[in-house]
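Participant: take this sequence and fold it.
(2 chains)
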Amino acid sequence: MRLASAIVAMLLMAGAISATEIPQGERRSGYSFMTPETQAMQDDDTSNPGMLWVLDGEALWKRKVGSANKACADCHADGSMKGVAAHYPAYDKTLGRPVNLEQRINLCKANHQQASPLPYESRDLLALAAFVARQSKGDAIETPADPQLEPFIAKGRELFMQRQGQLNLGCANCHDDNWDKRLAGSAITQAHPTGYPLYRLEWQSLGSLQRRLRACITGIRAQAYDFGSPELVELELYLKSRARGMPMEAPAVRP
Amino acid sequence: MAAALINVPKKAKRGDIIEIKTLMSHIMETGYRHMASGEIVPRDIITGFTCRYNGAEIFRADLYPAIAANPFISFFTTATESGKFEFEWIGDNGFSETASATITVE
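Facilitator: So this is what the prediction gives:
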């Protein structure tokens, strides 16, 4: 009930304000909205539960799979993944569209290991993504300067601004216009995808950015796009371009 | 794929009070949740944790369904001598995991 009235209040506010983008200097990671206790949990590698997935991912990275009987490590030298996650989603020439990190891992599985793809949000896929993303910790988020990506970033921006669902809200109504406020006791935050895949205490598990996006879309009572759908990748891409230059913190912890 | 993260100081002075932190990978399914079909999701939790310091038990905890996934347990002890900490987690469905860490006491 309280949540509903908060959302209605938001709706009224949102009606009055048109979307204004956050100035570069005022951008803040979700980390800065958390309590000192949760921040400490993320900062200490032996208390950050996301590190459990990183450890699993390291083991999977070295395991030979598929009919090619190859491990990720057979092609990718140690340390070669540094900074890679900071560049995703990236343009895939063969597919003619951007792919995110999880899709890249699955493309590698299919093309080079001749193994079956891992389902979205499966422990193994999250573990591999976390292991790769962890190696970019502290690196600045970089959207590839590929002109072919421009139309997809523009589509992502459109989706971010577009009102939808029974509550008729767009992402921007909360995350651009009202990020300094709270919704039902929780900080709204600026929606910068700095820490994915990340451990959410609410999920009691690691989860991808797409899981987070789908939860938000369900929250505005719209039909969520499927995992791996072009819309979600475009949204990911726009969010990354919006957070360009901010440091990566995967695997982050969020409440 | 279970994995533990252990944080024990590598070195300590004799008599120092040291903090030991442990994190164990586990879903901690409560046994109170239902599937879409109405059946109960069977309970699957860690039920016990022990820590031995050179063979002597120094810490023990019982765990219950209300404890979150991937339990983080931290506790304090006095560094008395160089040696080994051994950790053991046991739980439902024959869950049993061990880990160890060494310390040098000067």
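
Participant: C-alpha from now on. contacts and neighbour counts both.
Facilitator: Noted.

Participant: got any ranges where chain B has weak pLDDT?
Facilitator: Where chain B drops to pLDDT under 70, the residues are B:1-2.

Participant: run a quick neighbour tally on residue 38.
Facilitator: Picked chain A for this. 17 (other Cα atoms under 10 Å in any protein chain shown).

Participant: to clarify, I was referring to chain B.
Facilitator: 8.

Participant: quick one, helices of the stretch 151-255 of chain A?
Facilitator: Taking DSSP state H, counting those that start in this stretch, the helices of the stretch 151-255 of chain A run over residues A:171-175, A:209-219, A:230-242.

Participant: got the CA positions of the second one in CSV?
Facilitator: Translated: helix A:209-219. Extracted C-alpha coordinates of helix A:209-219, given in CSV (Å, rounded to 0.1, in the frame of the first residue of the first chain):
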residue,chain,number,x,y,z
LEU,A,209,22.2,-6.2,-15.5
GLN,A,210,19.4,-7.7,-17.5
ARG,A,211,17.9,-9.3,-14.4
ARG,A,212,18.0,-5.9,-12.8
LEU,A,213,16.4,-4.2,-15.9
ARG,A,214,13.7,-6.8,-16.0
ALA,A,215,12.9,-6.3,-12.4
CYS,A,216,12.6,-2.5,-12.9
ILE,A,217,10.3,-3.1,-16.0
THR,A,218,8.1,-5.4,-14.0
GLY,A,219,8.0,-2.7,-11.3
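
Participant: quick one: it to helix A:230-242, angle?
Facilitator: 110 degrees (axes from the mean of the first three to the mean of the last three Cα atoms, to 10 degrees).

Participant: how much space between whichever residue of the stretch 1-150 of chain A sits closest to chain B and residue A:79?
Facilitator: For the stretch 1-150 of chain A and chain B, the shortest gap (Cα to the nearest Cα) falls at residue A:46, measuring 5.5 Å. Residue A:46 sits 21 Å away from residue A:79, going by Cα to Cα, to the nearest Å.

Participant: again, but for residue A:113
Facilitator: On the measure of Cα to Cα, residue A:113 and residue A:79 end up 20 Å apart.

Participant: who has more neighbours, the two?
Facilitator: For residue A:113 versus residue A:79, neighbours defined as other Cα under 10 Å are more numerous around residue A:113 (20 against 10).

Participant: since that was my last question, I'll sign off now.
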